[in-house]
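K.L.:
When you get a sec, could you give me coordinates for this:
(chains A and B)
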There are 2 protein chains.
Amino acid sequence: MIAKTPSPPYYTVIFSSIRTEGDNVYSEMADKMLELASKTDGFLGVESVREELGITVSFWRDLSAIKKWKENVEHKVAMEKGKSEWYKSFKVRVAKVERDYGFDADLNLTV
Amino acid sequence: MIAKTPSPPYYTVIFSSIRTEGDNVYSEMADKMLELASKTDGFLGVESVREELGITVSFWRDLSAIKKWKENVEHKVAMEKGKSEWYKSFKVRVAKVERDYGFDADLNLTV
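P.N.:
Residues are numbered from 1 along each chain as shown, chains lettered A, B, ... in the order given. Predicted coordinates for the structure are as follows:
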């Protein structure tokens, strides 16, 4: 569930969104986009959660990998549908991960 | 719900976590930490969602603001409780937001 990302530096795209009512084939598209993204060169992982607000954090090797994903033709169609049908509002933030650390109770370890 | 952050650059802390069973006064602490964080100089906003996985994304003016929050005494106590009681596992990623844009259907606008 928590993405196993390599040591920094790497990049992240934080996608925060509020959905419209109804599915409108959204779930199907979301699954397909996840599959497509994960096949993109430089994709490192993703974490996604939704209540009313949804946050999807994807991780990428560098800015050129993000650019390549942004220019994927099927992704472009989905992005247009996002604006016309699926989202009331969203915000995209592109950020460079400089530092990370984690904790696992089973290992009793902060890494 | 989507945080109104200023123009980049600014910093973000992405906190991804899996909870233990039961509340163990977690909710009360979470509310208190949110209140404390928001009073810290350099705090710009926060977004938080939980299913099984929880993602909390907080936004900060710079690294020194994040450092100050990390050194807050009450926050330190909460961080210890996090490891001993509240979280099975978590990951913290500190990242510099270089670019952002958004969309609002009511305004029919990508900004």
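
K.L.:
Name every strand pairing with the worst-scoring helix or strand of chain A on mean pLDDT and say which way it goes.
P.N.:
Sorted by mean pLDDT, DSSP states H and E, the helices and strands of chain A end with strand A:109-110, the least confident at a mean of 70. Strand A:109-110 sits in its sheet next to strand A:87-104 (antiparallel), going by DSSP bridges.

K.L.:
Buried ones in the strand it pairs with, by neighbour count?
P.N.:
By neighbour count, with 16 or more other Cβ atoms under 10 Å in any protein chain shown as the criterion, the buried positions of strand A:87-104 are A:87, A:89-97, A:100, A:102-104. All C-beta spots, glycine's among them, are computed from the backbone N, C-alpha and C.

K.L.:
Taking these, tell me the two that lie furthest apart.
P.N.:
In those, the most distant members under the criterion Cβ to Cβ are A:89 and A:104, with 35.2 Å between them.

K.L.:
Mind jotting down where the helices sit in chain A?
P.N.:
Assigned helices in chain A, in chain order: A:26-38, A:63-70, A:73-81 (criterion: DSSP state H).

K.L.:
Would you convert those into CSV that also reports mean pLDDT and mean neighbour count?
P.N.:
Compiled in CSV, the helices of chain A are given as follows (pLDDT from 0 to 100; neighbours: other Cβ atoms under 10 Å in any protein chain shown):
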stretch, mean pLDDT, mean neighbour count
helix A:26-38, 95, 14
helix A:63-70, 97, 16
helix A:73-81, 95, 13
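
K.L.:
Quick one: closest of these to chain B.
P.N.:
Shortest distance between chain B and these, using Cβ to the nearest Cβ, is found for helix A:63-70: 8.5 Å.

K.L.:
For that closest one, name the packing helices and strands.
P.N.:
Secondary-structure packing of helix A:63-70 (3 or more Cβ pairs under 8 Å, 6 or more residues apart in numbering or on different chains; DSSP states H and E): strand A:10-19.

K.L.:
Could I get the average pLDDT for the strand it packs on?
P.N.:
Here strand A:10-19 scores 98 as its mean pLDDT.
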